[in-house]
Every structure is written in structure tokens, then in C-alpha cells.
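Enquirer: Take this sequence and fold it.
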Amino acid sequence: MPTPNAPRSWRSALSVYLHAPVLTMLFLGFSAGLPFLLVFSTLSAWLRSDGVEVAAIGFFAWIGILYSIKFFWAPVVDRLALPGLTRWLGQRRGWMLLAQAMIAAGLAGLAGLDPMSPLPPVAAELASLVGLDPMTQLPLVALFALLVAFGSATQDIAIDAFRIESAPGDMQAAMASTYIIGYRGGLIAAGAGALYLASLVSWHAAYLAMAALMAVGMVTVLMRPEPERLALETQLIHEPRVRAFLRASRGRPAWLRRLGAWVIGAVVCPFTDFFTRHGVKALWLLAFVAVFRISDLAMASMANPLYIDLGFSLEAIASITNIFGIAMSIGGGLLGGLLVARYGVGPILILGACATALTNLLFVALALAGDSLPMLVATIIGDNLSNGLASAVFIAFLSGLTSKAYTATQYALFSSLMTLPGKFLSGFGGLVVDTHGYADFFLAASVLGLPAIALAVWVSRDRRLAPAPTTA
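Expert: Next up is the predicted model:
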């Protein structure tokens, strides 16, 4: 029977944060977090302040669907070489730079618009042809916001692949931690920073400044090396299914054989590879991915309504969630990375699943306590600390679950599956609160976390899925 590895020393575990790949994720995380609020809450604030109707603003929430369906074009990001960029920068950095340029262009385009001003004559004619309202620039705002969201989701795909391929598994939790810190920094810049600039100067200046801040990600891409991986053509030739297709399609047009080989290698093989490696166990792993964050995501839609209905002021909610919430989320991410480096993924997966479910009970206590500021602070601290820790360890787990041959496609599928069930259930939160009240709702959300705890225990017992940390 093999002897389990001893835990790393705390000094060795902390030193993981000094490696260049880990520090790189701080800046790429900022680049990933920056565009998110600029097409959601910050954009909504701009539209409403300019007099756009609330009903029209509500439709802009559909832009967020792009983030949940990014796995549809992940195979293209994974396997399609970009003319010029791939030869110059490599597959991952080329796609990252292209996505960042799309985001910057979309933000600059938004900076040049005035939502309630009429379109120029030529643009008005084009808008009329496609059935859009030519009387305002709102259709153009929607188009540029879609460009930003598409570029942002594409950047997420490329960054996830770059992270997984840039360092071994024992660094992935630390890289996830620094990514979370950078991402939160991007959210602060796009939220409070953009609102502050808009109040002092204008919305146009705010969005132009945000476009300029995308240079953080661009410079990082240009400075860091491309992860080592086989050339795309070599990867395809090594695929047994691709070789079988090429043998069976002899005599057919060359372009058809190339297209078929690409589709099999880019779309079919990532899914068959996962089931080939794990067999029937793959279904349980997908179930685990789907339920790990379900307790946290299912309750998210009712958190702010609870605070407001209990009588807390908007200023108090904003101050506490920004100060304590963001600090605890960052602290939880760092703690998660440190604990994984010392103890391995398995035990911390169990800790993260338990913490996520248990901290929902703080919302139950808050609902019963009423307008209690200390209880609000304790709830937000506990919730964000557990979320940061759980996010860091789960990103590390998903990174280990992902095959290096299909990094972007498989991770995009896992990350989409991770959020969709919780987001779907979250939509019914208002109905549950109306009929049963806040306390019962958050109690039910906590119970939803029990399957995740049970599956985390199962995963932690499999050393192939949750390897022990290497000693140092």
C-alpha cells in the first residue's frame, strides 16, 4: 500500500504565490473582470440616468446568455488557428489578444454613443431595414454591448486554457486565487471606478477609460510566453478517430477531408475523450460539477431583496458588500489556494462544499434576526469567505479534470455546467419567498448543498481525481 505524501510546510505552500504563472493570472483576471459589469449593472445605470425606460433596460440582461453558452464556440478557440496571430503569438495568446481587442473596440464604440440621441441618417436607414428603432442610438448600444460580451466570453475561454496549460496541477489553486483577486479588481474598476468617472466627467469618458484599461491584459499577453503544446496539425494526426476518418474518406475532396478531420478533432473528441478516460464515473463527475455551486447560485437572486425588505439602507448594503464582501472573497480565494497547496484538492473540496451550504444558514439567521447590522456583516463575511475558498478549490479541481489536449473546450463545458442549474433554480427564488418566506427559502438553498458534500467526499477518496500534494 503506497504511503501518502506528507503535507507541505506552510512556507513552501505560501511560496507558490511567487511563481510567474501565478502572478500572471492577477493581470489576466483583471482583464477578465473588467468588461463584465460594463454590459450589466454599470450599463444599466448609464441607460437609466439617460432616461431609457426600465422595460427596455431589462432586455439588456439577455446579453448575459453569451457567458452561459460559450462552450458552443469553445472548440473554435481551442483548435482554429488565427491567420497571423497564431503564428506570431501562439494559439492561446493569439485568441486572448483578439478577444481583448474586441472588448476594447466595443467599449470605445459605446463611449462614442448617446443612448437617447437619434441615429445619423445613414445608420437610421439601415436600422429601419432590419426592423430596429431609428429614433435613438439604443440599437447601436445593444450591438456594441453584444460585441463586448462576446469578446469577454471568448477571452474567458482562452484564459482558462492558458492557465491550465501554463503550470502543473499543484499550482492551479494558487493561480485560481490570484485570478479571483484580479477579477475582483476588474469588477471594482468597472463598477465603482466607472461610476465615479461618470459623475465627475461623463459616461463617455468613463467607458473610454475602461477601454484603455484593457491594455493591462494586452501587455500581459505580449509579455508572457505561450504554453508548450503540440502543433494543431500534429494533435489532429494523433487522434485515432481522425485517422480512422481520413482512411475511410480516401478519394473524397481534400477540403472535405480537412473539414471533417477538424470537426472530429475539435468537437467530437473533447467529449469522447472525457468519457473514455472516466467511463461510467464520468456521469457522476458531471453531476458533481453541476451541483457543487448550486446552493450558492440558487440563493443569489434573493440576497439583495432580503437586505432591502429587512430595512437596510442602500448605502449600508453597498458599503458592507463592497468592503467586507470583496475583502472576504479575496481572502477566501487566497486561503483556498494555500490550503490546496498544503493539503491537496480532496479535503478542501469537502471543506468548500460544507462551507457553501452552511453559510446559507447565516441568511436564515439574518431573516429571523431582522434589521441587525452585526448579523448582516457576519452573513456577508461568511458568505463571501466561503465562496472565495470554494471557487479557488473548484477551479483547481476542474483544471485537473480537463485534458491538456482539449483544454478550452472541456473547461468551457465544465464552467457552463457549473453555473446553469443554479442560475435556473435562482429564477424561481421569488416564488418560494412569496409563498414560504425568506427563512425557508435560504434553508432550502442550504439543503441543496448536501449532494455536493456527498459527492465531494466520493471524489476526495479517488487519488486520480484528487491527488495528494507533493512534498517540498
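
Enquirer: Does residue 252 lie in a helix or a strand, and which?
Expert: According to DSSP states H and E, residue 252 maps onto no helix or strand at all.

Enquirer: Kindly tell me how buried it is, as a neighbour count.
Expert: For residue 252, the neighbour count with other C-beta atoms under 10 Å is 11. In this view, the C-beta of every residue, glycine as well, is placed from N, C-alpha and C.

Enquirer: do residue 115 as well
Expert: 23.

Enquirer: Test my guess that it contacts residue 141.
Expert: Yes - here residue 115 lies in contact with residue 141, judged by C-beta atoms under 8 Å, at a distance of 5.3 Å.

Enquirer: Let me see the contact set for residue 114.
Expert: Contact analysis of residue 114 by C-beta atoms under 8 Å, 6 or more residues apart in numbering lists 50, 137.

Enquirer: Contact partners for residue 175?
Expert: Neighbours of residue 175 in contact, by C-beta under 8 Å, 6+ apart: 21-22, 25, 163, 166-167, 337.

Enquirer: Just give the nearest non-adjacent residue to it, would you?
Expert: residue 25 (4.6 Å; C-beta to C-beta, 6 or more residues apart in numbering).

Enquirer: Output the contacting helices and strands for the helix or strand encompassing that neighbour.
Expert: Residue 25 is part of helix 20-38, with elements assigned from DSSP H and E. Counting contacts by 3 or more C-beta pairs under 8 Å, 6 or more residues apart in numbering; DSSP states H and E, helix 20-38 is packed against helix 91-111, helix 138-166, helix 172-188, helix 203-213, helix 215-223.

Enquirer: and the angle from the first one to helix 203-213?
Expert: For helix 91-111 against helix 203-213, the angle between stretch directions is 170 degrees (axes from the mean of the first three to the mean of the last three C-alpha atoms, to 10 degrees).

Enquirer: okay, the angle between helix 91-111 and helix 138-166?
Expert: Going by the same axes, to 10 degrees, helix 91-111 makes 160 degrees with helix 138-166.

Enquirer: Report pLDDT for the residue nearest to residue 175.
Expert: At residue 25, the model reports a pLDDT of 93.

Enquirer: Could you list the residues in contact with the helix or strand residue 308 falls within?
Expert: Taking DSSP H and E as the criterion, residue 308 maps to helix 303-309. For helix 303-309, the surrounding residues in contact (C-beta under 8 Å, 6+ apart) are 314, 317, 363, 366-367, 376, 383, 430, 433, 438, 442.

Enquirer: Please produce a PyMOL select command covering the buried subset of the residues you listed.
Expert: A single PyMOL command selects the buried members of the contacts of helix 303-309 (16 or more other C-beta atoms under 10 Å):
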select buried, resi 317+363+366+367+376+383+433+438+442
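
Enquirer: Of the contacts of helix 303-309, which is the nearest to residue 272?
Expert: residue 383 (38.9 Å; C-beta to C-beta).

Enquirer: Report the separation between that closest one and residue 362.
Expert: 7 Å (C-beta to C-beta, to the nearest Å).

Enquirer: Reformat the contacts of helix 303-309 into a markdown table and put distance to residue 174 next to each item.
Expert: Shown next, in a markdown table, are the contacts of helix 303-309 (distance: C-beta to C-beta, whole Å):
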| residue | distance to residue 174 |
| --- | --- |
| 314 | 36 |
| 317 | 32 |
| 363 | 30 |
| 366 | 33 |
| 367 | 36 |
| 376 | 31 |
| 383 | 23 |
| 430 | 39 |
| 433 | 38 |
| 438 | 37 |
| 442 | 32 |
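
Enquirer: Out of the helices and strands packed on helix 20-38, the one nearest residue 345 is which?
Expert: Smallest distance to residue 345 across those (C-beta to C-beta): 7.2 Å, for helix 172-188.

Enquirer: what's the angle between that closest one and helix 20-38?
Expert: Using the same axes, to 10 degrees: helix 172-188 against helix 20-38 is 30 degrees.

Enquirer: So what's the residue count around residue 319?
Expert: Residue 319 - counted by other C-beta under 10 Å - has 12 other residues nearby.

Enquirer: Which strand or helix spans it?
Expert: Using DSSP H and E, residue 319 falls in helix 314-320.

Enquirer: after that helix, next one along is what?
Expert: Taking DSSP H and E, what comes next after helix 314-320 is helix 326-343.

Enquirer: Now do the buried residues in the helix or strand following that following helix.
Expert: Downstream of helix 326-343, the first helix or strand assigned by DSSP H and E is helix 345-369. By 16+ other C-beta under 10 Å, the buried positions in helix 345-369 come out as 345-357, 359-364, 366-367.

Enquirer: Helix 345-369 packs against which elements?
Expert: helix 294-299, helix 303-309, helix 326-343, helix 373-401, helix 438-447, helix 450-460.

Enquirer: ok, 10 Å please
Expert: For helix 345-369, the elements it packs on are helix 172-188, helix 281-291, helix 294-299, helix 303-309, helix 326-343, helix 373-401, helix 438-447, helix 450-460, judged by 3 or more C-beta pairs under 10 Å, 6 or more residues apart in numbering; DSSP states H and E.

Enquirer: buried ones in the last one?
Expert: With burial defined by 16+ other C-beta under 10 Å, the residues of helix 450-460 counted as buried are 451-453, 455-456, 458-460.

Enquirer: tell me the secondary structure for residue 226?
Expert: Applying DSSP: H, G, I helix; E, B strand; the rest coil to residue 226 yields a three-state assignment of coil.

Enquirer: Just list the residues touching the closest residue in space to it that isn't next to it in sequence, thanks.
Expert: The shortest distance from residue 226 to any non-neighbouring residue, by C-beta to C-beta, 6+ apart, is to residue 90 (3.0 Å). By C-beta atoms under 10 Å, 6 or more residues apart in numbering, the residues touching residue 90 are 81-82, 96, 162, 221, 225-229.

Enquirer: quick one, phi psi at residue 90?
Expert: Residue 90 adopts backbone torsions of phi 100, psi 170, taken as degrees, to the nearest 10.

Enquirer: Domain boundaries for this structure, per the record?
Expert: 1-229, 280-472 (automatic domain parsing).

Enquirer: Compare those and give me the one nearest residue 266.
Expert: domain 1-229 (3.8 Å).

Enquirer: starting at the chain centroid, how far to that closest one?
Expert: Offset of domain 1-229 from its chain centre (C-alpha atoms, centre = their mean, to the nearest Å): 10 Å.

Enquirer: for stretch 424-435, same thing?
Expert: That offset, for stretch 424-435, works out to 24 Å (C-alpha atoms, centre = their mean).

Enquirer: Likewise for stretch 422-433?
Expert: 21 Å.

Enquirer: next one: stretch 338-345
Expert: The chain centre lies 22 Å from the centre of stretch 338-345; the measure is C-alpha atoms, centre = their mean.

Enquirer: Equivalent analysis for stretch 255-272, please.
Expert: On C-alpha atoms, centre = their mean, the centre of stretch 255-272 falls 27 Å from that of its chain.

Enquirer: In CSV, list the C-alpha atoms belonging to it.
Expert: Extracted in CSV, the C-alpha atoms of stretch 255-272 (Å, rounded to 0.1, in the frame of the first residue of the first chain):
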residue,chain,number,x,y,z
TRP,A,255,-11.2,20.3,-48.4
LEU,A,256,-14.0,17.9,-47.2
ARG,A,257,-11.4,15.6,-45.6
ARG,A,258,-9.7,18.5,-43.8
LEU,A,259,-13.1,19.9,-42.6
GLY,A,260,-14.2,16.5,-41.4
ALA,A,261,-10.9,15.9,-39.6
TRP,A,262,-11.1,19.3,-37.9
VAL,A,263,-14.7,18.8,-36.7
ILE,A,264,-13.9,15.4,-35.3
GLY,A,265,-10.8,16.6,-33.6
ALA,A,266,-12.3,19.9,-32.3
VAL,A,267,-15.9,19.0,-31.4
VAL,A,268,-16.3,15.2,-31.1
CYS,A,269,-13.0,14.2,-29.5
PRO,A,270,-13.2,16.5,-26.5
PHE,A,271,-16.4,14.8,-25.3
THR,A,272,-15.5,11.3,-26.2
